[in-house]
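Enquirer: What follows is a predicted protein model with its sequence.
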Protein chains: 2
Amino acid sequence: MGRNERIKAFVNGRIYAKFKPLRIVSGMVFAGDMIVYSGDSDRAKKIARELGGETVDLQGRTVLPGFVDAHVHLGALGLLHYAINLQNLKSIEGVKKAVLEYRERYPQARVVIGFGWDQERFAEGRWPNKEDVDSVSKDVPVVLIRACGHAALLNSVALEILGEQLKSLPSDFVARDTRARPTGLVFEEAVEIAREKFVELVGGRKDMLLRGIEHACSLGVTSIGFMSASLNDFKALQELLYEGVLRARVHVYFKHSEYDTISKVGFRKGYGHDMLVINGIKLFADGSLGARTAFLSEDYSDAPGWRGKLLLNERELTRLLEDIVGNRLQPAI
Amino acid sequence: MGRNERIKAFVNGRIYAKFKPLRIVSGMVFAGDMIVYSGDSDRAKKIARELGGETVDLQGRTVLPGFVDAHVHLGALGLLHYAINLQNLKSIEGVKKAVLEYRERYPQARVVIGFGWDQERFAEGRWPNKEDVDSVSKDVPVVLIRACGHAALLNSVALEILGEQLKSLPSDFVARDTRARPTGLVFEEAVEIAREKFVELVGGRKDMLLRGIEHACSLGVTSIGFMSASLNDFKALQELLYEGVLRARVHVYFKHSEYDTISKVGFRKGYGHDMLVINGIKLFADGSLGARTAFLSEDYSDAPGWRGKLLLNERELTRLLEDIVGNRLQPAI
């Protein structure tokens, strides 16, 4: 039989074929994406020869099954590629310095995106505000996402660009001072609006998702649960799929606002391409503790009178869950 | 190595492995749905043994690649299972007799469905009308679809049941006498409305589609282009898929009225499960010759002043085609 490119043997490896009980083998043969043999290297070599396949010498390297990350915000993950890392900064001054350095390093940048700040760690003992970022970027929009992803700090230009869109949101999503002017802090849906808007100024949605996929693959993660995907994300993933660059398997959980369309088409959990599967719908019941949007049974100790924000009440949530499950889709909250 | 259920060898067959140039082999080995070896039986047996698979003796039987039928109205095909075959009848009297016999044979039937008549073959030299069928079924609805699928004959009960739905259609779709009463003949969209309505009185949509699939498989057709599918058809096919009974590969062409939803989700041609693929959109430019709905450049010789019915004018058609192709879907007309 001639050469068969879909047959591949891996030999001389330390291949974890099973964990319970542990079974480590040295050889394995694949036919396409199916394992047809696992055992010793000599036999693997022989089978590959028989089927006209190639043999790869692993030279003692370890092989593990791909990791699964069931809860990934793939767009946000990809965006980190373009973002300033603010995770270890211990002061608002440090954040300002990081933005300034970025602007000096990339004078052509049309937007500054940062990720990872946490006001609880700031020496100043207060939340940052738009004046802080205006002082280092007057003309270029700045979007600094909090570590939790449920809050973001915008400068005045960014607030101006998003003006109309932010107006349509519930008032809780845009923090305002006593004179009703935005402080620069926005929450929940407003964070997403900012991200969607400004990603177009960097590499665009498709590139952003690809960066997320590549990051996952670089860590051995071969299967991803993509939370809160939009239909535009889904379109972009299909493009990546047909360009042959979607190397991790993606299980899509659409965001709540896309549910009507999804249920109209009548997808069930599991429908789709082997590498791009439709799984379910992601709902948000409330926000995060750090952003003070998590819904508590009593007031926040540092914010008397404030218990966070319930995004769906019990009745809405019950009705939605019944509907989603009735449509044979997987709900995630 | 232990037993591997996904490995299967077929031996002692007359297996057409290739046509240009012709190559007939006696043995073949599958790993899942992938052919990993084709050649002589002894070697196929040996490989299966090596991989822990089963060997099936074909005892000289012929094996061909699955046939592809690129244009199937799967619902209509499945409906034939429940329908009286009117294809060889040469008179309206013959049609009446067939309906009568069916009613005597199935006194519990809640609807009588027939398929295949052609007025061109009728000794009476005229189109049939509702009085013809009323005379053999006053109480149970009768739907007799013409051989082309673009026209149908209904009795009075059926017309009454569909009353409101037919009213909403363009007047050309429901034939009327000089006193504006329906003659019993309906065309195009009205045929589909009748089929959708009355299929619920027989086995239901899912069963109907399954009958179509099974019929295709019984003839060696393993891949189908399903024309004018509705979203409800798509839902039912997903159910069949997950019940493990969808044995033919289905490429779905949604009907025009579902295009808005499909384009909103942003599918591309080829997305979907390996056995249930989304391919494109089916448009109707006009009808059929026999039903007199095909659009001609001059009058029908037997119907002066009538040129058939253009369902989409050139401008609409061009705009739609550009839009569908722009969305990376396959148009079919």
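Expert: Here it is on my side, so go on.

Enquirer: Span of stretch A:85-92 from start to end?
Expert: 14 Å (Cα to Cα, to the nearest Å).

Enquirer: got it, and stretch A:248-266?
Expert: Stretch A:248-266 has an end-to-end distance of 25 Å (criterion: Cα to Cα).

Enquirer: Check whether A:H251 sits in a helix, strand or coil.
Expert: strand (DSSP: H, G, I helix; E, B strand; the rest coil).

Enquirer: which residues touch it?
Expert: Residues in contact with A:H251 (Cβ atoms under 8 Å, 6 or more residues apart in numbering or on different chains) are A:223-226, A:277, A:279. In short, each C-beta sits where N, CA and C put it, glycine included.

Enquirer: for those residues, which one is nearest B:I15?
Expert: A:V277 (33.9 Å; Cβ to Cβ).

Enquirer: Kindly provide the distance from that closest one to B:G280.
Expert: 22 Å (Cβ to Cβ, to the nearest Å).

Enquirer: out of these two, which sits in the busier spot?
Expert: More crowded of A:V277 and B:G280, by other Cβ atoms under 10 Å in any protein chain shown: B:G280, with 25 against 18.

Enquirer: Which strand or helix spans the more buried one?
Expert: strand B:276-282 (DSSP states H and E).

Enquirer: Name whatever forms a beta bridge with the closest residue to chain B within the stretch 1-150 of chain A.
Expert: Proximity of the stretch 1-150 of chain A to chain B (Cβ to the nearest Cβ) peaks at A:A31, 3.9 Å away. Bridge pairing for A:A31 (DSSP bridges) gives the partners A:I7, A:M34.

Enquirer: per-residue confidence at the nearest residue to A:A175 once chain neighbours are set aside?
Expert: Take A:A175 and drop its neighbours on the chain: the residue closest to it by Cβ to Cβ, 6 or more residues apart in numbering or on different chains is A:L185, 4.1 Å away. For A:L185, the model assigns a pLDDT of 96.

Enquirer: which secondary structure element contains A:L185?
Expert: A:L185 is part of strand A:182-187, with elements assigned from DSSP H and E.

Enquirer: Spell out which strands sit alongside that strand in the sheet and which way each one runs.
Expert: Applying DSSP bridges to the sheet, strand A:182-187 is found paired with strand A:151-154 (antiparallel), strand A:174-176 (antiparallel).

Enquirer: okay if I get the ones you listed as JSON lines plus distance to A:L58 and mean pLDDT?
Expert: Shown next, in JSON lines, are the strands paired with strand A:182-187 (distance: least, Cβ to Cβ, whole Å; pLDDT from 0 to 100):
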{"stretch": "strand A:151-154", "distance to A:L58": "45", "mean pLDDT": "96"}
{"stretch": "strand A:174-176", "distance to A:L58": "55", "mean pLDDT": "92"}
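
Enquirer: Mean neighbour count, these: which tops it?
Expert: Highest mean neighbour count of these: strand A:151-154, a mean of 28 (counted as mean count of other Cβ atoms under 10 Å in any protein chain shown).

Enquirer: what about dumping the CA coordinates of it to PDB?
Expert: Below are the C-alpha coordinates for strand A:151-154, written out as PDB (Å, rounded to 0.1, in the frame of the first residue of the first chain):
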ATOM      1  CA  ALA A 151     -15.700  46.700  35.900                       C
ATOM      2  CA  ALA A 152     -13.600  49.000  33.800                       C
ATOM      3  CA  LEU A 153     -12.100  52.500  34.000                       C
ATOM      4  CA  LEU A 154     -12.500  54.700  31.000                       C
END
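
Enquirer: buried residues in the helix or strand following it?
Expert: Sequence order places helix A:156-161 as the next helix or strand after strand A:151-154, per DSSP H and E. Applying a neighbour-count criterion of 16 or more other Cβ atoms under 10 Å in any protein chain shown, the buried positions in helix A:156-161 are A:156-159, A:161.

Enquirer: TSV for these, including distance to chain B?
Expert: TSV is the format used below for those (distance: Cβ to the nearest Cβ, whole Å):
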residue	distance to chain B
A:S156	35
A:V157	31
A:A158	28
A:L159	31
A:I161	26
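
Enquirer: Dump these into JSON lines; add pLDDT and distance to A:I113 as well.
Expert: Shown next, in JSON lines, are the buried residues of helix A:156-161 (pLDDT from 0 to 100; distance: Cβ to Cβ, whole Å):
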{"residue": "A:S156", "pLDDT": "96", "distance to A:I113": "16"}
{"residue": "A:V157", "pLDDT": "96", "distance to A:I113": "13"}
{"residue": "A:A158", "pLDDT": "96", "distance to A:I113": "10"}
{"residue": "A:L159", "pLDDT": "95", "distance to A:I113": "15"}
{"residue": "A:I161", "pLDDT": "94", "distance to A:I113": "13"}
